[in-house]
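**Student:** Have a look at this prediction, sequence included:
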Amino acid sequence: MMTKRHIYWVFSFLIFGSFQSFASNTSGVHGPNVNADDRSMQIRFALSPSDMPTQTDAWAYRLHYQHALNDRFRARVIVQARDRGDFEYDYFRTELLYNFKKQGDGIWSSGIRFDIRTREGDRPEEYALNWTNQWLLNNGLRVRGVVIASRQFGSEQAFSGTEISTRSSMSKLIDNGLRVGLEMFNEYGEVGEFGSFNNQSHQVGPMLGGSIGDIKYEVRYLVGVSNGSRDNNVGLRFDKSF
């Protein structure tokens with residue numbers, strides 16, 4: 001049985017154990033739960049200002065649509081563009097999430113998500129397996145943790161090994177319907193070649209989410225805490241259900 005002590009150790013691993021490199025990060029700490037009626041669209045924006053004169057500001061724009069097949073499976077398609085001095089297509093990704101452990105009356109739920117991503121030109125394609133977990137604790141407190149194994153293929157630029165990354169968050173629903181919290185995005189690198197702390201990337205920062213009418217929103221600020229990531233990243237998203 002999963003106890004609060006086990007949750008503490010799992011969350012500690014997710015927070016401190018790994019580090020992910022992002023220029024303009026549109027990713028989220030996704031949960032495992034599937035609502036059978038889910039038909040929704042989301043748009044996301046992210047900006048990482050340049051840290052030095054030789055860099056350019058990095059913008060990212062993401063649009064996705066998700067559709068629950070039933071109360072266990074949910075499909076999603078994503079298209080993302082980027083602007084680093086020139087606006088261009090970035091990638092197209094498809095996802096399938098299986099919520100194998102429902103929330104029910106317990107505090108823990110879990111799911112597995114498979115992703116496949118295709119990019120433009122000679123940049124490598126990628127597939128990934130995500131293990132995503134959520135714990136609903138007392139007083140509106142929610143903890144999420146995701147472990148991701150990914151591999152690149154289809155290009156001479158592709159990494160040869162499996163990359164391991166994690167994402168994690170802790171948030172609280174407060175009285176006025178807002179959710180406030182802290183998120184972290186991390187990456188080890190390739191298995192067996194994790195490198196030093198500063199060669200990895202560490203991003204952590206606060207988030208705030210809520211609703212305006214029937215539109216949900218979330219705003220986030222991440223700070224890079226190692227040499228392997230940009231110093232600042234600002235993100236904004238809007239979500240509309242149908």
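**Tutor:** Nice, thanks for sending it over.
**Student:** contacts and neighbour counts: CA atoms only from here.
**Tutor:** Noted.
**Student:** Residue nearest the middle of this protein, spatially speaking?
**Tutor:** Computing the C-alpha centroid of the chain and ranking residues by C-alpha atoms, centre = their mean puts residue 28 first, at 2.9 Å.
**Student:** If I look at it, what pLDDT would I see?
**Tutor:** Predicted confidence (pLDDT) for residue 28: 94.
**Student:** which SS state does it fall under?
**Tutor:** coil (DSSP: H, G, I helix; E, B strand; the rest coil).
**Student:** how far away is it from residue 51?
**Tutor:** Residue 28 sits at a distance of 23 Å from residue 51 (criterion: C-alpha to C-alpha, to the nearest Å).
**Student:** What of residue 137?
**Tutor:** From residue 137 across to residue 51, the span is 39 Å (C-alpha to C-alpha).
**Student:** With residue 183 instead?
**Tutor:** Counting by C-alpha to C-alpha, the gap from residue 183 to residue 51 is 22 Å.
**Student:** Which one's more surrounded, the two?
**Tutor:** residue 183 (23 against 13; other C-alpha atoms under 10 Å).
**Student:** hang on, the more buried one packs against residue 142?
**Tutor:** No. At 11.7 Å, residue 183 does not count as touching residue 142 under the criterion of C-alpha atoms under 8 Å.
**Student:** Could you name every residue contacting both of those two?
**Tutor:** residue 170 (C-alpha atoms under 8 Å, 6 or more residues apart in numbering).
**Student:** Name the helix or strand of the protein that has the lowest mean pLDDT.
**Tutor:** The weakest-scoring helix or strand in the chain, judged by mean pLDDT, DSSP states H and E, is helix 4-16 (a mean of 47).
**Student:** Next secondary structure after that helix?
**Tutor:** strand 39-48 (DSSP states H and E).
**Student:** Against which helices or strands is that next one packed?
**Tutor:** strand 58-68, strand 232-241 (3 or more C-alpha pairs under 8 Å, 6 or more residues apart in numbering; DSSP states H and E).
**Student:** now the longest one, how far from the centre of its chain.
**Tutor:** Put plainly, it is strand 58-68. 12 Å (C-alpha atoms, centre = their mean, to the nearest Å).
**Student:** and the angle for that strand with strand 232-241?
**Tutor:** 30 degrees (axes from the mean of the first three to the mean of the last three C-alpha atoms, to 10 degrees).
**Student:** longest strand anywhere in the chain?
**Tutor:** Scanning the chain for the strand with the most residues, using DSSP state E, yields strand 87-101.
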